[in-house]
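K.L.:
Sequence and predicted structure are below.
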Amino acid sequence: MAFYRAHVLVCGGFPCVAAGCRAVRDAIERSVKEHGLEREVRVVETGCLGPCDLGPIVVVYPEGTVYARVTVGDASEIVDEHLLKGRAVRRLEYTGHLPSVSLTDDKRTDYFEVQERIVLENVGLIDPDSIEEYIGRDGYHAAGVALTSMSPDEVIETIKSSGLRGRGGAAFPTGVKLGFTARAGADQKYIVCNADEGEPGTFKDRLILEGDPHKVIEGMVILGYSVGASMGYVYIRGEYYLSIERIERAIEEARKYGLLGADMFGSGFNFDIEVKKGAGAYVCGEETALIESMEGKRGEPRQKPPYPGTCGLWGKPTVVNNVETIANVPPIIRSGADWFRQFGTPTSPGTKVYTLTGDVNNKGLIEVPMGITLREVIYGVGGGIPGGRRFKMAQTGGTAGGCLSEAHLDIPMDYENLQKAGSALGSGALLIIDDSHCIVDIACTLLRFFEHESCGQCTPCREGTRRLCDIFRKTRELAATEDDLKLARELAEVMQSSSLCALGQSVAVPLFTIMDHYADEIEAHLEGCCPAGVCRRLPTGADEAVCATSQTGGGIK
Amino acid sequence: MSEMRGPAGPGGPSVVCKCECDDVFLSKVEKVVSSYRGRPEDLVQALHDVQSLRNYLPREALRVVARTLDVPESRVYGVATFYSMFSTSPRGRHIIRICESAPCHVAGAAEIIDSLLDELGVEMGGTTSDRMFTVETSSCLGVCGVAPAIMIDDVVYGNLLAEDLPAILRRYR
């Protein structure tokens, strides 16, 4: 393998791709070639480095210098100055509160201090298209250990005692789930990796798949071995073009290296993986809807029980796990359950990958131990709220998660405490909203999402989401009454108890937390006033109503 | 411009497809789905492949899919109309997907949507008269770190300002 004196990592996470990193990478490569440095300097497109709003991000090793918001025009300067003359380009260097995104320990700063990287240990550090780089970071070691020196039961026991719980939203203990499928008698069993990441504000699975696809493959191999499945599927959203490309290439590579296929590690165990593309349906993130979709049908959820663990794909026992859950498996097998338990809290061990979005200075991907408070995330890693505005609300877990107010800032974020606060960890989305937004307007956006994504199979969800949307639209138009809101609560209660799947059942979670924590603000709308000055009465010939207390001033009616 | 009536319910009028479903096109469809012959489980994948030919799924093409995969036409139609990435009516050459979810909303997506529709002179879901662009809302595109964002075909544009739109659209015209 060639030795390079410098590595230039260009973040190829999807947000950076959207910010134009590919053109920057090409420009750097061109400039490297022009200077005849291609044998000394290697340009690598990596997975996500984290702070998405600083993209395109370029990191130059061995110094670990971080360049933020690099443009095509900056490329030659970086090559000229830094790579040729050894002087960092101060103008572009990122030295602010955020970080050297340096992954060498001596350069860790605030951004990485509170972070613990288990799932993301390789993301941003290796070339995701290179299986050698993954192997160089102890990749496939855990699979080798599991297949050659552990019994399937031992693997399951290790995962059980690690306390790993599902990271997709339902938080079901992973080891217990594996136990169900391992015990089920069947000639064929399946492992399904749920990469149908549709929860608004969530893009962790995408960035894990794009940044470290082999880790997901290795995790699936270990899970397959533990339950006796010989076939695995990765079900990915159809819109995730880059994820599909990367994982397909990684599967191909793994096959070439004998890390997928027949008689792996000489253990006699066979396992292969196929990619299945979704076609745009949020509900397919629900495991039984996902299975229906994989069978080539409409993604309509099945009645449970039976659960997929005993009767899933083609009626066979099937383990369906989220990408992040699966990515936790190789480190647990490699380093043991006790090692894993040193992170997080006793009941929620490990770390959680969050995607931080909305009104926060540092948006992006972070991995922190379970139990960290919302305040630490927003004002620490997140760098606070921009423009000196006040925190108003945080929605945890995506659109189906609860909305937390200022009073909840110091709640430790783990499964139990968030549940107590009426919310959930869910998918790991953290949407931060400042006081310039109106809660009713936000509620409308959330409800419109559910209305659009309801699959229409069961009546409570199909009709309920529509009616709730109507009611909150009416509230936003300052035309709702107390009875309307009573009806909304009643509807959501019925949906919670009688919808077929989690989609309809969970509408109540954001709705009730909003109605409970922001009762005064909603009340004001009934009286024809939007305190944030966002909502307006529909013009019906009369002058537009402006709220007396709104920022825009003016009188009511 | 093509025209399609339907969907036809049971006993409804038979559907006349006046789109460009000429024999050349249909033989292309047949070729594309031939590898899925007799594999109903690959229906979603087959529809992806067929749609990549013309950006939508003409009724005649659905018939070919049904025949080849050996699935009832009703089920093919059901699947084709269930998923938001599939369309049974003609669309433009480029599909513009806009995220309307809360993280994009907070970052000012509404303004971007208004400017885009204005710029193209269409309604949401509509296709421009030159059949270059179709604008659709999408659930989260998974690039919330750079919200607000739009996706044109498979390329995402993030951190958008309304004034960026004309230049982006020009690249496709």
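P.N.:
Yep, it's here.
K.L.:
nearest residue to residue 76 other than its sequence neighbours?
P.N.:
Picked chain A for this. Of all residues not flanking residue A:76 in the chain, residue A:31 sits nearest, at 4.5 Å (CB to CB, 6 or more residues apart in numbering or on different chains). (C-beta placed from N, C-alpha, C; glycine too.)
K.L.:
Can you look at chain B instead?
P.N.:
Leaving aside its chain neighbours, residue B:76 sits nearest to residue B:66 (4.5 Å; criterion: CB to CB, 6+ apart).
K.L.:
ok, that neighbour to residue B:56 distance?
P.N.:
According to CB to CB, to the nearest Å, residue B:66 stands 17 Å off from residue B:56.
K.L.:
tell me the mean pLDDT for stretch A:493-504?
P.N.:
The average pLDDT for stretch A:493-504 rounds to 95.
K.L.:
which residues does the residue nearest to residue A:76 contact?
P.N.:
Residues in contact with residue A:31, defined by CB atoms under 8 Å, 6 or more residues apart in numbering or on different chains, are A:75, A:76, A:78, A:79, A:80.
K.L.:
roughly how far apart are it and residue A:46?
P.N.:
Residue A:31 sits 19 Å away from residue A:46, going by CB to CB.
K.L.:
just residue A:87 next, same as before
P.N.:
24 Å.
K.L.:
Run a quick neighbour tally on the residue of chain B found nearest chain A.
P.N.:
Residue nearest to chain A within chain B: residue B:145 (2.7 Å; CB to the nearest CB). A count of nearby residues for residue B:145, using other CB atoms under 10 Å in any protein chain shown, gives 32.
K.L.:
cool, residue A:437 as well?
P.N.:
Residues lying near residue A:437 (other CB under 10 Å) number 20.
K.L.:
so what strands line up beside the helix or strand bottoming out on mean pLDDT in chain B?
P.N.:
Among the helices and strands of chain B, strand B:155-157 carries the lowest confidence by mean pLDDT, DSSP states H and E, at a mean of 88. Under the criterion DSSP bridges, strand B:155-157 sits next to strand B:150-152 (antiparallel) in its sheet.
K.L.:
where does the chain dip in pLDDT?
P.N.:
The chain I'm using is chain A. A:1-2, A:96-114, A:540-557 (pLDDT under 70).
K.L.:
hm, I was asking about chain B
P.N.:
Within chain B, the set of residues satisfying pLDDT under 70 comprises B:1-20.
K.L.:
Now whatever residue of the stretch 301-450 of chain A ends up closest to chain B: which helix or strand?
P.N.:
Chain B sits closest to residue A:357 of the stretch 301-450 of chain A, with a gap of 4.1 Å, by CB to the nearest CB. Secondary structure assignment for residue A:357, by DSSP states H and E: strand A:351-358.
K.L.:
Quick one: name whatever helix or strand follows that strand.
P.N.:
Where DSSP H and E defines the elements, the next helix or strand beyond strand A:351-358 is strand A:364-369.
K.L.:
Please list all residues in contact with the residue in the stretch 51-200 of chain A that chain B sits nearest to.
P.N.:
Residue nearest to chain B within the stretch 51-200 of chain A (CB to the nearest CB): residue A:52, separated by 2.7 Å. Applying CB under 8 Å, 6+ apart to residue A:52 gives the contacts A:13, A:15, A:16, A:19, A:363, A:364, A:365, B:145, B:146.
K.L.:
Could you do residue A:333 as well?
P.N.:
Going by CB under 8 Å, 6+ apart, residue A:333 touches A:142, A:143, A:145, A:146, A:150, A:155, A:158, A:159, A:222.
K.L.:
From residue A:189, how far out is it?
P.N.:
19 Å.
K.L.:
cool, residue A:66 as well?
P.N.:
Residue A:66 is 45 Å from residue A:189, where distance means CB to CB.
K.L.:
okay, those two: which has more neighbours?
P.N.:
With other CB under 10 Å as the criterion, residue A:66 and residue A:189 differ in neighbour count, and residue A:66 comes out ahead with 28 against 23.
K.L.:
Helix, strand, or coil at the more buried one?
P.N.:
Secondary structure assignment for residue A:66 (DSSP: H, G, I helix; E, B strand; the rest coil): strand.
K.L.:
Bridge partners for it, pull those for me.
P.N.:
With DSSP bridges as the rule, residue A:66 is bridged to residue A:59.
K.L.:
thinking it is in contact with residue A:94, fair?
P.N.:
Yes. Counting by CB atoms under 8 Å, residue A:66 does reach residue A:94; the two are 4.5 Å apart.
K.L.:
how far does the least confident helix or strand of chain B sit from the chain's center?
P.N.:
16 Å (CA atoms, centre = their mean, to the nearest Å).
K.L.:
Next: stretch A:497-504.
P.N.:
Relative to the centre of its chain, stretch A:497-504 is centred 23 Å away, using CA atoms, centre = their mean.
K.L.:
List the buried residues in it.
P.N.:
If you call a residue buried by 16 or more other CB atoms under 10 Å in any protein chain shown, then stretch A:497-504 has these buried ones: A:499, A:500, A:501, A:502, A:503, A:504.
K.L.:
Stretch A:33-49 now?
P.N.:
Neighbour-count burial for stretch A:33-49 flags A:37, A:41, A:42, A:43, A:44, A:45, A:46, A:47, A:48, A:49 (criterion: 16+ other CB under 10 Å).
K.L.:
sec struct for the residue nearest to residue B:76, please.
P.N.:
Secondary structure assignment for residue B:66 (three-state DSSP): helix.
K.L.:
ok, now which ones touch it?
P.N.:
B:72, B:73, B:75, B:76.
K.L.:
how does it look with 10 Å?
P.N.:
Residues in contact with residue B:66 (CB atoms under 10 Å, 6 or more residues apart in numbering or on different chains) are B:33, B:40, B:43, B:72, B:73, B:74, B:75, B:76, B:77.
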